[in-house]
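*Asks:* whatever this is, show me its structure:
(one chain, ligands or ions: 1)
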Amino acid sequence: MGRVDILIDHLIKSYVRRAGRSTSGQRQGWLQWDQWGLMVESGIVDPVHCFGSKAPLVIEIGFGMGESLASMAALESEKHFIGIEVHRSGVGALLNRIHTANLSNIRIYCDDAIHVLSRCISDHSLDRMQIYFPDPWPKRKHQKRRLIQPYFLDILRQKMKLGSVLHIATDWGEYAEYILQVCSNSPGWREEKNSDFGRPSTKFERRGVRLGYDVYDLYFKLFEKE
Ligand SMILES: C[S@@+](CC[C@H](N)C(=O)[O-])C[C@H]1O[C@@H](n2cnc3c(N)ncnc32)[C@H](O)[C@@H]1O
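*Replies:* Purely as a prediction, here's the structure:
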């Protein structure tokens with residue numbers, strides 16, 4: 001294990017693994033893992049080999065139950081999607097959806113996104129990164145757990161193509177402000193006020209909307225690499 005790997009392993013996690021029971025559908029989904037699952041241990045992924053063709057590559061971090069990722073992959077069938085989620089039940093749910101809808105353009109990692117990006121994704125290879133409703137960690141003492149941090153944007157700058165877009169949605173106003181601040185202080189990123197990808201709603205989002213929360217969709221374009 002190299003120095004960078006040791007440093008990565010010591011970073012504070014942006015999630016807490018939930019034990020929770022999974023449904024029979026989610027357990028069924030896991031039977032499909034060998035077909036759609038990718039492992040960090042396998043190292044750098046070659047999308048052409050993995051999907052059998054060349055296409056724009058989109059990654060979604062923290063897809064939850066995978067409902068919105070599956071519908072985006074069905075709508076944008078000309079693109080390749082890689083979903084990353086640590087929550088095993090969510091991965092089972094997405095595997096189930098992929099199988100049922102017969103989607104051939106999604107692959108999944110069940111691992112920490114920081115590990116996946118650092119160890120499996122080639123530099124300058126991503127056309128879009130989407131992160132919908134990352135855990136807001138609202139308490140001040142927990143804010144160091146937030147996924148969106150300066151070092152995270154440094155990793156993204158390395159992995160994404162020039163001109164590619166980072167799309168983040170949150171329903172936590174203070175986190176939206178924090179994200180804007182971190183991104184504007186991070187070299188190479190520019191906020192794009194008029195972008196709109198017509199994102200489907202997510203499970204977490206619908207819960208927030210029921211509670212009366214506002215939703216903030218933020219777009220940042222990578223205009224400079226170094
Ligand atoms: C608040 S939930 C939102 C889920 C989904 N995007 C939605 O809107 O319904 C955040 C998700 O991000 C996942 N997550 C947090 N940090 C992660 C990381 N470093 N790598 C992969 N998944 C992560 C969590 O397991 C959780 O499922």
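*Asks:* and the residue nearest to residue 89 when sequence neighbours are not counted, how many neighbours does it have?
*Replies:* Excluding the flanking residues, the one nearest residue 89 by CB to CB, 6 or more residues apart in numbering is residue 22, at 4.3 Å. Yep, even glycine has a C-beta here, placed from its N, CA and C like the rest. Other residues within reach of residue 22, judged by other CB atoms under 10 Å, total 17.
*Asks:* my read: residue 22 touches residue 88, true?
*Replies:* Yes: under the contact definition of CB atoms under 8 Å, residue 22 touches residue 88, with a separation of 6.8 Å.
*Asks:* the spatially most central residue of the chain: what's it in contact with?
*Replies:* The C-alpha lying nearest the average C-alpha coordinate of the chain belongs to residue 61 (CA atoms, centre = their mean; 1.3 Å). Residue 61 is in contact with 84-85, 113, 129-131, 134, 147, counting by CB atoms under 8 Å, 6 or more residues apart in numbering.
*Asks:* give the buried residues for the helix or strand hosting residue 220.
*Replies:* Following DSSP states H and E, one finds residue 220 within strand 216-222. Residues 216, 218-222 are the ones in strand 216-222 that count as buried (16 or more other CB atoms under 10 Å).
*Asks:* which residue ranges of this structure form helices?
*Replies:* All helices of the chain, identified by DSSP state H, fall at 3-9, 24-30, 33-36, 47-51, 67-75, 88-101, 113-120, 150-159, 173-185, 203-210.
*Asks:* pick out the shakiest of those, pLDDT-wise.
*Replies:* Of all the helices of the chain, the minimum mean pLDDT falls on helix 3-9 (a mean of 69).
*Asks:* dump the residue contacts of residue 175.
*Replies:* By CB under 8 Å, 6+ apart, the contact set of residue 175 is 134, 136, 138, 146, 148.
*Asks:* same thing but at 10 Å, please
*Replies:* 133-138, 143, 146, 148, 168, 216 (CB atoms under 10 Å, 6 or more residues apart in numbering).
*Asks:* and residue 92, by the same measure?
*Replies:* By CB under 10 Å, 6+ apart, the contact list for residue 92 reads 22-33, 65-66, 110.
*Asks:* please redo it, this time with the cut-off set to 7 Å
*Replies:* Counting by CB atoms under 7 Å, 6 or more residues apart in numbering, residue 92 makes contact with 22, 26-27, 29-30.
*Asks:* out of the residues you listed, grab the one that's most surrounded.
*Replies:* residue 29 (27 neighbours).
*Asks:* that residue reaches residue 90, doesn't it?
*Replies:* No: shown here, residue 29 and residue 90 do not form a contact pair, counting by CB atoms under 7 Å, at 9.7 Å.
*Asks:* find residues that contact each of these two.
*Replies:* Between them, residue 29 and residue 90 share no neighbouring residue, with contact defined by CB under 7 Å, 6+ apart.
*Asks:* what strands line up against the longest strand along the chain, and which way round?
*Replies:* Determined from DSSP state E, the single longest strand within the chain is strand 160-170. Strands adjacent to strand 160-170 in the sheet, as given by DSSP bridges, are strand 126-132 (parallel), strand 216-222 (antiparallel).
*Asks:* can you redo those as TSV with mean pLDDT and distance to residue 205?
*Replies:* As requested, the strands paired with strand 160-170 are arranged in TSV below (pLDDT from 0 to 100; distance: least, CB to CB, whole Å):
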stretch	mean pLDDT	distance to residue 205
strand 126-132	98	7
strand 216-222	96	10
